[in-house]
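Engineer: Following is a predicted model, sequence given first.
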Amino acid sequence: MSISYIMHLVEFRTNQNISRSHAGINVNTAARSGSNVTEPVFTNNTIAGNVHIIHNAPGFTGYRTSCEKTQTSAIKSVILKYKKQICSEYQYVTEYNSLPGEQVLLSERFTQPLILQKHRDQKEREEELRSSGEDFQQVLSSKSSDESVHVNSLFNVDHHGISPSAVILQGNSGNGKSFTVQKIMMDWASDKLYKERFDIVFHLKCKEINRISGRKSLVEILSYSCSLTSDEISQILQQSPEKVLFIIDGFDELKLTQDIYDMSAHTDPLQKAPPEVTLCAVLKGHILPESFLLVTTRSTATDTLGKLLKGPQRFTEIMGFSEKSVEEYFQKFFQNEELFRKAYECVRANETLITACSIPVICWIICTVLRERFSAGADITSGLETTTSIYVDFVSTLLEHHCQGLSQSVSRLLRSLGQLAERGILEEQVLFDEKMVYETVPDPASNPFLCKFLFKRRIRHETMFSFMHLSFQEFFTALYYISLDSKTLKEKLTKLRSHDHESRYAAVMQFLFGLLNEDVRDTLKRKHGVFVHPTTQKHLKEWLFKMYHSFLTVHCLYELHDESFAKEILNEKADIFLMYEPLRRTDCWALLYCCQCCQWMKQLTLHCCKLTSEKLSMILPVLHKFESLR
Ligand SMILES: Nc1ncnc2c1ncn2[C@@H]1O[C@H](COP(=O)(O)OP(=O)(O)OP(=O)(O)O)[C@@H](O)[C@H]1O
């Protein structure tokens with residue numbers, strides 16, 4: 001028998017006794033029951049003879065032999081090669097719409113997200129979920145000043161002088177966990193991060209581990225996911241386990257089986273077991289207890305992870321982008337000052353979108369659609385993509401790229417989310433208890449649109465769920481309403497309005513019109529099997545004729561983006577626009593779209609702006625900008 005790598009410890013096991021020794025200089029052997037050791041021959045790395053060998057037996061603390069010293073430099077060169085390989089692979093990102101071979105440099109995209117190192121309480125959560133626009137940015141920036149943490153200090157000692165063995169990095173879907181992991185890998189491999197701290201960093205993706213079949217050891221699992229051979233990995237793990245970092249991405253996606261609780265603890269990196277059992281042995285600290293862990297997860301699986309993971313643990317959360325990071329992202333994306341300014345101003349003038357931009361994947365969607373518009377030479381004054389279309393793109397992106405093995409059909413999932421969202425709006429809730437969620441959504445843990453929180457309630461924990469932001473709750477309500485027949489919809493809207501939720505009602509109405517848009521309707525039907533009920537479209541349009549709320553009308557028309565209908569409505573209802581309500585800066589796009597559709601609207605708007613009440617003056621700089629773009 002020969003083994004191709006040096007063993008630090010070799011166990012020769014007989015049926016009766018086990019004797020251990022440290023290889024290289026001092027090896028004990030014993031015969032199998034009833035037989036002899038048949039002339040074992042030890043030649044450098046080769047051991048011949050009728051012997052049974054178990055690698056890396058527990059208890060090994062690391063002897064440094066002269067032989068090993070030469071291997072240390074061999075290992076160094078293996079790690080160097082590994083780092084080079086990581087750099088060449090991780091320097092690029094493949095975007096969701098990339099064609100084969102199309103890639104973007106990570107450095108041209110990556111923008112520092114806001115990472116907090118604390119659990120927020122119920123009040124703080126509610127505040128984040130309900131605020132929007134400038135208020136929302138204030139909420140974020142108040143946290144960024146004193147509670148934010150940089151990736152390079154994730155493993156630093158705390159004020160008790162304790163450094164964590166395992167760091168949890170929680171974040172909502174699309175908030176940038178995998179992207180941050182890619183950046184950490186890239187920075188480590190290029191010696192910019194954790195250089196002294198970790199000799200080696202392994203990156204394991206849970207969704208890939210799910211696809212591995214059969215029984216596998218840790219070394220085998222690692223060898224599938226990186227360029228190193230099993231032998232190289234074994235050597236590295238044995239050399240200095242306390243300098244090993246495992247980054248495990250997407251714990252929420254790991255398919256856990258009963259085996260992880262039933263199987264006896266295994267401690268050997270070469271012992272085979274179902275892949276999830278092997279991985280959990282690493283998480284629990286049974287295998288390589290001295291090593292370090294960074295595990296990313298959505299909030300829906302954080303409690304399970306916390307129970308499995310070895311200690312001391314540290315909890316951190318990716319909050320997404322602050323206002324400054326959104327601007328930086330746009331700048332990086334467009335790499336052209338004029339286009340960046342145009343795009344950023346567009347988004348800033350839309351309160352809902354600028355708030356949603358704290359979710360990095362939304363920034364990517366918006367920049368991508370705007371770039372397409374710009375390159376097609378679209379006239380910017382015709383407006384940005386509608387808010388609804390961006391939300392639909394977001395839903396499609398998460399369903400297509402961030403969902404593995406949904407337990408139900410997409411249309412059912414969306415419907416159940418809509419029912420939960422509606423109930424929340426009627427009951428004025430943004431946080432839902434478990435009972436309420438399980439009554440409507442069958443499998444909330446695997447739902448990428450829901451977030452889960454644990455709150456301390458006296459001596460217990462309480463689990464609550466929410467949408468990523470109140471605007472998503474409003475969007476999913478509208479998505480549910482749009483497929484109802486006109487009679488039911490009418491009842492629902494009446495109820496919504498009578499609950500005195502004027503701003504919720506207005507937001508749902510805007511999304512409803514956005515969902516009526518022809519392109520959006522087509523996407524929903526084609527991709528997700530969601531149909532607009534035939535009677536509903538007619539009902540909603542009729543309703544708009546009767547509505548006496550000038551700015552809600554303008555926003556609904558903008559979301560619908562049907563020019564001839566907009567003209568018809570505006571001419572019909574000219575009288576309601578003679579009395580302008582106070583303008584907000586965020587009304588610009590909708591207002592300008594209507595100005596485009598109807599000449600008198602434009603004159604009226606400019607006339608009103610000349611009246612310059614304090615609020616009207618807020619809109620002027622933006623209006624002038626648009627005028628100059630013409
Ligand atoms: N820090 C960032 N800088 C630039 N873009 C980012 C950043 N974070 C995320 N993105 C963009 O958002 C997209 C989604 O991010 P990512 O895949 O990392 O989310 P995630 O948190 O891992 O989601 P999930 O939990 O669904 O797997 C990325 O493909 C990228 O376009």
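Structural biologist: Arrived safely.
Engineer: what sits against the closest residue to the ligand within the stretch 401-550 of the chain?
Structural biologist: Proximity of the stretch 401-550 of the chain to the ligand (Cβ to the nearest ligand atom) peaks at His402, 3.3 Å away. (Each C-beta comes from the backbone N, C-alpha and C, glycine too.) Contacts for His402 (Cβ atoms under 8 Å, 6 or more residues apart in numbering) come out as Ser173, Gly174, Pro448.
Engineer: could you list every residue that touches the second one?
Structural biologist: Same thing as Gly174. Ile359, Pro360, Val361, Ile362, Phe394, Thr397, Leu398, His402, Pro448.
Engineer: who wins for neighbours among those?
Structural biologist: Among the contacts of Gly174, Ile362 has the most neighbours (other Cβ atoms under 10 Å), with 26 neighbours.
Engineer: quick one: secondary structure of it?
Structural biologist: Three-state assignment for Ile362 (DSSP: H, G, I helix; E, B strand; the rest coil): helix.
Engineer: can I assume it is in contact with Phe394?
Structural biologist: Yes. Assessed by Cβ atoms under 8 Å, Ile362 is found in contact with Phe394 at 5.7 Å.
Engineer: what residues are shared contacts of these two?
Structural biologist: Common neighbours of Ile362 and Phe394 (Cβ under 8 Å, 6+ apart) are Gly174, Ala356.
Engineer: what about whichever residue of the stretch 51-200 of the chain sits closest to the ligand, how many residues close to it?
Structural biologist: Per Cβ to the nearest ligand atom, Gly176 is where the stretch 51-200 of the chain lies closest to the ligand, at 2.5 Å. Neighbour count for Gly176, taken as other Cβ under 10 Å: 27.
Engineer: List the residues that contact it.
Structural biologist: Listed by Cβ under 8 Å, 6+ apart, the contact partners of Gly176 are Pro113, Ile318, Gly320, Pro360, Val361.
Engineer: Contacts only, for the third one.
Structural biologist: In this structure, Gly320 makes contact with Pro113, Leu114, Gly171, Asn172, Asn175, Gly176, Ser358, Ile359, Pro360, judged by Cβ under 8 Å, 6+ apart.
Engineer: Could you find the closest non-adjacent residue to it?
Structural biologist: Using Cβ to Cβ, 6 or more residues apart in numbering and skipping the chain neighbours, the partner closest in space to Gly320 is Ser358 (4.1 Å).
Engineer: what kind of secondary structure is Ala507 in?
Structural biologist: Quick answer, by three-state DSSP: Ala507 is helix.
Engineer: Can you give me the distance of it to Val530?
Structural biologist: Note on Ala507: its distance to Val530, by Cβ to Cβ, to the nearest Å, is 19 Å.
Engineer: Generate CSV for the contacts of His402, with secondary structure and distance to Ala189 as supplementary columns.
Structural biologist: As requested, the contacts of His402 are arranged in CSV below (DSSP: H, G, I helix; E, B strand; the rest coil; distance: Cβ to Cβ, whole Å):
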residue, secondary structure, distance to Ala189
Ser173, coil, 27
Gly174, coil, 25
Pro448, coil, 29
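Engineer: Could I get those in JSON lines, plus columns for distance to the ligand and pLDDT?
Structural biologist: Below are the contacts of His402 laid out as JSON lines (distance: Cβ to the nearest ligand atom, whole Å; pLDDT from 0 to 100):
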{"residue": "Ser173", "distance to the ligand": "3", "pLDDT": "92"}
{"residue": "Gly174", "distance to the ligand": "5", "pLDDT": "93"}
{"residue": "Pro448", "distance to the ligand": "6", "pLDDT": "90"}
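Engineer: What pLDDT is listed against Ile362?
Structural biologist: We have a pLDDT of 94 for Ile362.
Engineer: Show me which helix runs longest in this structure.
Structural biologist: In the chain, taking DSSP state H as the definition, the longest helix is helix 66-90.
Engineer: and the helix or strand just after that one, what's its mean pLDDT?
Structural biologist: Next helix or strand after helix 66-90 toward the C-terminus (DSSP states H and E): strand 92-93. Averaging pLDDT along strand 92-93 yields 94.
Engineer: chain center to strand 92-93, what's the gap?
Structural biologist: Computed by Cα atoms, centre = their mean, to the nearest Å, the chain-centroid distance of strand 92-93 equals 17 Å.
Engineer: Would you list the strands that that strand pairs with, along with their directions?
Structural biologist: With DSSP bridges as the test, strand 92-93 is paired with strand 104-105 (antiparallel).
Engineer: circling back to that earlier point, hmm, the residue nearest to Gly320 is touching Leu140, no?
Structural biologist: Yes. Ser358 is in contact with Leu140 according to Cβ under 8 Å; the separation is 6.7 Å.
Engineer: any common contacting residues for these two?
Structural biologist: With Cβ under 8 Å, 6+ apart, Ser358 and Leu140 have common neighbours Met319, Ser322.
Engineer: What parts of the stretch 1-150 of the chain come near the ligand?
Structural biologist: Proximity of the stretch 1-150 of the chain to the ligand (Cβ under 6 Å from any ligand atom) is limited to residues Arg109, Phe110, Thr111, Pro113.
Engineer: Considering the residues you listed, which possesses the most neighbours?
Structural biologist: Taking other Cβ under 10 Å as the neighbour criterion, Pro113 ranks highest of those with 23 neighbours.
Engineer: roughly how far apart are that one and Leu288?
Structural biologist: Pro113 sits 29 Å away from Leu288, taking Cβ to Cβ as the criterion.
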